[in-house]
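A.B. asks: Fold the following, please.
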Amino acid sequence: MYKNAATPVAVLGASGYVGRELLGLLDGHPDVTLAFASSESESRLDGHDLIPLAEAEARWDEARLVFSCLPHGVSAPVVARAEAAGARVVDLSADLRLSDRAVYGLTEVYRHALPEADVVANPGCYPTASVLSVLPFARSGVIDVTRPLIIDAASGVSGAGRSPRRDLLFGEVAEDFRAYSAGNEHRHLPEITRQLSAVAGALDVVFTPHLLPVRRGILATIHVPLTRELSRGEAEAILLEAYTHEPCIRVLRDALPTLKDVIYRNRLALGVAPVKHVSRPMLTVVGAIDNLVKGAAGQAVQNMNVMCGFPETRGLSC
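C.D. replies: Below you'll find the predicted structure:
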């Protein structure tokens with residue numbers, strides 16, 4: 001039950017792009033207070049003192065809920081220690097997304113399990129955009145699982161994190177557009193496939209990410225093989241039936257989303273277009289999110305709200 005009392009929370013790895021975004025959202029949240037935040041590289045950020053992780057681990061009792069924005073491979077053991085100390089945890093790394101140790105934090109899908117969850121694995125940004133875009137069609141039974149589902153998704157540079165890399169310098173990224181992890185090798189592929197196959201049945205997914213020369217945002221263009229023809233109106237109706245009452249998902253009518261529809265919002269925007277001039281029916285679904293908000297920090301706050309019994313969109317702009 002929702003209670004209007006400040007809940008103490010903590011943020012680990014607060015100096016990365018996701019951690020910074022999360023601090024900003026928590027600062028504007030009326031029902032939480034920041035107990036402490038950690039960083040190994042900075043001591044102060046946006047008016048908050050940052051402490052080393054070792055010091056943070058001695059203060060678990062000060063926080064009822066801990067957000068871990070620690071790097072992949074580092075987060076899981078820290079999450080385990082926080083949980084053992086009695087804190088609930090939202091883990092924003094990839095460490096627990098395929099594990100039974102945590103509830104998968106795709107809020108619109110696993111909302112029912114969040115209130116009792118001690119550990120929630122926040123989904124990746126690409127899987128958030130991709131899975132939510134396709135899931136209504138999987139549930140409707142219109143996906144032809146004998147053919148692969150093709151996802152071409154492009155992300156802003158902040159999706160690669162804040163650690164310095166030559167290939168992410170402004171002079172390298174500006175006026176360029178490139179694919180990476182081509183050949184179906186991206187680490188988010190198992191996450192996407194697992195969520196969709198659980199509903200549609202065994203499904204081949206071909207996922208190719210791209211680097212956009214912008215700071216933030218993801219645009220996913222998804223080609224869905226169909227068992228029968230769907231008009232644009234029929235496809236939109238499937239999405240609307242699934243998402244009309246979802247506060248953080250917007251279905252566009254007769255239009256495709258752009259990054260301007262979602263930047264700085266905890267929102268997935270969706271549009272569809274039937275594919276013409278092909279021998280077997282297909283549908284193109286376009287989904288857009290802000291990778292730092294709905295794809296990371298905003299979804300983490302959305303999950304926290306459900307876990308703690310706050311209004312789901314509290315502190316968020318959807």
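A.B. asks: Check whether Phe177 really touches Val214, as I assumed.
C.D. replies: No - Phe177 is beyond contact range of Val214, at 10.3 Å (criterion: CB atoms under 8 Å). Backbone N, C-alpha and C define where each C-beta goes, glycine included.
A.B. asks: Neighbour count for the two, which is higher?
C.D. replies: Remark: of Phe177 and Val214, Val214 carries more neighbours, 16 against 10, as counted by other CB atoms under 10 Å.
A.B. asks: For that one, give me phi and psi.
C.D. replies: Main-chain dihedrals, Val214, degrees, to the nearest 10: phi -130, psi 170.
A.B. asks: What is the burial count for the closest residue to it other than its chain neighbours?
C.D. replies: Of all residues not flanking Val214 in the chain, Gly156 sits nearest, at 4.5 Å (CB to CB, 6 or more residues apart in numbering). Residues within reach of Gly156, counting by other CB under 10 Å, total 23.
A.B. asks: If I look at Gly156, what pLDDT would I see?
C.D. replies: At Gly156, the predicted lDDT confidence score is 87.
A.B. asks: Okay, it and Gly217: tell me how far apart.
C.D. replies: Gly156 is 5 Å from Gly217, where distance means CB to CB, to the nearest Å.
A.B. asks: for the residue nearest to Val214, what are its contacts?
C.D. replies: Gly156 makes contacts with Leu212, Val214, Arg215, Arg216, Gly217, Ile218, Leu259, Asn291, as judged by CB atoms under 8 Å, 6 or more residues apart in numbering.
A.B. asks: Quick one, which of the residues you listed has the minimum pLDDT?
C.D. replies: Scoring the contacts of Gly156 by pLDDT puts Arg215 last, at 85.
A.B. asks: what does the helix or strand harbouring Ala80 rub up against?
C.D. replies: Ala80 is located in helix 75-84, with elements delineated by DSSP states H and E. Applying CB under 8 Å, 6+ apart, the contact partners of helix 75-84 are 12-13, 53, 57, 60, 66, 68, 70, 89, 91-93, 95-96, 118-119.
A.B. asks: Send over that helix as CSV, restricted to the C-alpha atoms.
C.D. replies: Taking C-alpha atoms only, helix 75-84 is exported to CSV below (Å, rounded to 0.1, in the frame of the first residue of the first chain):
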residue,chain,number,x,y,z
SER,A,75,27.5,-6.1,-9.9
ALA,A,76,26.2,-9.6,-9.1
PRO,A,77,28.4,-10.3,-6.0
VAL,A,78,27.6,-6.8,-4.6
VAL,A,79,23.9,-7.3,-5.2
ALA,A,80,24.1,-10.6,-3.2
ARG,A,81,25.8,-8.9,-0.3
ALA,A,82,23.2,-6.1,-0.3
GLU,A,83,20.4,-8.6,-0.4
ALA,A,84,22.0,-10.6,2.5
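A.B. asks: Check which helices and strands the helix or strand just after it sits against.
C.D. replies: Next helix or strand after helix 75-84 toward the C-terminus (DSSP H and E): strand 88-91. Judged by 3 or more CB pairs under 8 Å, 6 or more residues apart in numbering; DSSP states H and E, strand 88-91 is in contact with strand 65-68, helix 75-84, strand 119-121, helix 298-308.
A.B. asks: where exactly do the strands run in the stretch 201-318 of the chain?
C.D. replies: With strands called from DSSP state E, counting those that start in this stretch, the stretch 201-318 of the chain shows them at 205-211, 218-225, 249-251, 268-274, 282-289.
A.B. asks: where does the stretch 101-250 of the chain have low pLDDT?
C.D. replies: 159-164, 167-173 (pLDDT under 70).
A.B. asks: got a list of what Arg64 touches?
C.D. replies: Thr7, Pro8, Val9, Ala87, Arg88.
A.B. asks: residue ranges of the helices in this structure, please?
C.D. replies: For the chain, the helices defined by DSSP state H occupy 17-27, 53-57, 75-84, 107-110, 125-140, 170-173, 189-200, 232-243, 298-308.
A.B. asks: now the longest one: how far from the chain's centre is it?
C.D. replies: The one in question is helix 125-140. Remark: helix 125-140 is offset 12 Å from the chain centroid, using CA atoms, centre = their mean, to the nearest Å.
A.B. asks: Okay, angle between that helix and helix 189-200 too, please.
C.D. replies: With axes from the mean of the first three to the mean of the last three CA atoms, to 10 degrees defining the directions, helix 125-140 sits at 10 degrees from helix 189-200.
A.B. asks: Go through helix 125-140 and flag the buried ones.
C.D. replies: 125-138, 140 (16 or more other CB atoms under 10 Å).
A.B. asks: Just the CA trace of it, in PDB.
C.D. replies: Coordinates of each C-alpha in helix 125-140 appear next as PDB, following Å, rounded to 0.1, in the frame of the first residue of the first chain:
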ATOM      1  CA  CYS A 125      17.900  -0.900 -23.300                       C
ATOM      2  CA  TYR A 126      17.800  -2.800 -26.600                       C
ATOM      3  CA  PRO A 127      15.700  -5.700 -25.100                       C
ATOM      4  CA  THR A 128      13.200  -3.100 -23.600                       C
ATOM      5  CA  ALA A 129      12.600  -1.500 -27.000                       C
ATOM      6  CA  SER A 130      12.600  -4.800 -28.900                       C
ATOM      7  CA  VAL A 131      10.600  -7.100 -26.600                       C
ATOM      8  CA  LEU A 132       7.800  -4.600 -25.800                       C
ATOM      9  CA  SER A 133       7.500  -3.700 -29.500                       C
ATOM     10  CA  VAL A 134       6.900  -7.300 -30.600                       C
ATOM     11  CA  LEU A 135       5.300  -9.000 -27.500                       C
ATOM     12  CA  PRO A 136       1.600  -8.100 -28.400                       C
ATOM     13  CA  PHE A 137       2.100  -9.800 -31.800                       C
ATOM     14  CA  ALA A 138       3.600 -12.900 -30.100                       C
ATOM     15  CA  ARG A 139       0.700 -13.100 -27.700                       C
ATOM     16  CA  SER A 140      -1.800 -12.800 -30.600                       C
END
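A.B. asks: Much appreciated, bye for now.
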